[in-house]
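>>> below are the sequence and a predicted model for it; my questions follow.
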Amino acid sequence: MSANERVRLDAMHRVERNEVTVVSAAVLMCLSLRQARRLWKRYRMEGAAGLTHRSRGRASNRRLEEGIRERIVKRHQERYADFGATLACEKLAKDGMVISPDTLVALLKERHLWQPRRRRGKHRLRRARRASFGSMIQMDGSHHDWFEGRSGWCVLMVLIDDASNQTYARFYSSDADIFEVANQFLLLGIYAYHRQARVRELRAVLLDVLELLIPVGMRWTGLSLAVGFQREFSLTQ
C-alpha cells in the first residue's frame with residue numbers, strides 16, 4: 001500500500017470503531033464527502049483491498065503492442081546497440097518506430113540489455129603545483145590611474161610563484177621599459193623570498209630562473225645582478 005492508502009485505511013478503521021464520522025474521516029483523508037462515502041462502502045464490502053487503486057496491476061491503455069515492442073528491441077540491438085537512448089530513438093523514428101527514450105530504456109531493462117554509460121570525467125583538471133620555487137613564475141601588469149589624479153598614471157606589476165603561491169607587487173611609471181621592469185622585478189621577488197637562504201642555493205635558483213624566463217638579450221644583466229647578490233651575502237657563508 002502507498003502512504004495515502006495507509007492513511008485511508010487508518011481513517012476507515014476509526015470510522016469502523018465509531019471514533020469518527022465519515023465526514024471527519026473525509027477531512028482526515030483530504031477527500032470530498034462523496035468520495036469518502038464511496039471508499040467507506042468499498043471498505044465494508046472488500047475490506048482493506050477495496051482501498052487500493054483499481055488500476056494497480058493493469059496494463060496501461062497506451063502500452064505498445066507486444067509485437068511492436070519486440071521489433072523495436074530487435075532493431076535497436078541490430079543497428080543501434082552502441083547508441084545513446086536519445087540518438088537511438090531518433091534513428092528508430094526514421095525507421096518508422098516512434099518511441100521515447102525513457103520507454104526504450106525501460107524495454108531494454110526488462111530484457112537486461114541496457115548498460116548505463118559511464119560519464120566522462122571533467123574536461124579540465126587542476127594542474128599540480130611545481131615542485132620548487134622559481135620553476136614557473138607568472139607576471140602581469142595593469143595600467144591605471146591608481147592614485148586618482150594625485151599623480152600620473154602608473155603600472156602595477158604583480159608576480160606570483162607557482163610552487164609557493166607567493167606574490168609580489170610594485171608600482172612603476174607607465175613609460176618604464178617593460179623588459180627592464182620585468183628583469184628587475186623578477187630578481188627582487190626572488191631576493192625577497194630567499195633573503196634567509198644560503199648564498200649557493202640563492203645563486204642556483206637565480207641562474208635557473210634567469211635561464212628559463214629572461215629573454216636572451218637580457219641574460220647578461222640578470223647574471224650581473226646575481227653576482228651582486230652573491231657578493232652581498234658573502235658574509236653569511
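Ah, there it is.
>>> tell me the SS of the closest residue to T52 other than its chain neighbours?
Spatial nearest neighbour of T52, excluding adjacent residues (Cβ to Cβ, 6 or more residues apart in numbering): E5 at 6.1 Å. Using the backbone N, CA and C atoms, a C-beta is placed for each residue, glycine as well. Under DSSP: H, G, I helix; E, B strand; the rest coil, the three-state class of E5 is helix.
>>> what helices and strands are in contact with the host helix or strand of R69?
Taking DSSP states H and E as the definition, R69 sits inside helix 66-79. The contact analysis (3 or more Cβ pairs under 8 Å, 6 or more residues apart in numbering; DSSP states H and E) places helix 66-79 against helix 85-94, helix 101-110.
>>> now the ones you listed as a markdown table including mean neighbour count, distance to E78 and mean pLDDT?
Listed next are the helices and strands packed on helix 66-79 as a markdown table, based on neighbours: other Cβ atoms under 10 Å; distance: least, Cβ to Cβ, whole Å; pLDDT from 0 to 100:
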| stretch | mean neighbour count | distance to E78 | mean pLDDT |
| --- | --- | --- | --- |
| helix 85-94 | 15 | 11 | 91 |
| helix 101-110 | 15 | 13 | 91 |
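>>> between those helices, which gets nearest to R126?
Of all the helices and strands packed on helix 66-79, it is helix 85-94 that lies closest to R126, at 31.5 Å by Cβ to Cβ.
>>> would you map the helices across this protein?
3-16, 22-29, 33-46, 66-79, 85-94, 101-110, 178-193, 199-213, 219-232 (DSSP state H).
>>> weakest of these by average pLDDT?
The weakest mean pLDDT among the helices of the chain belongs to helix 219-232, with a mean of 40.
>>> list the contacts for the nearest residue to V98 once chain neighbours are set aside?
In space, V98 comes closest to L92 once its chain neighbours are excluded; the distance is 7.4 Å by Cβ to Cβ, 6+ apart. By Cβ atoms under 8 Å, 6 or more residues apart in numbering, L92 lies in contact with I72, R75, H76, Y80, V98, I99, L104.
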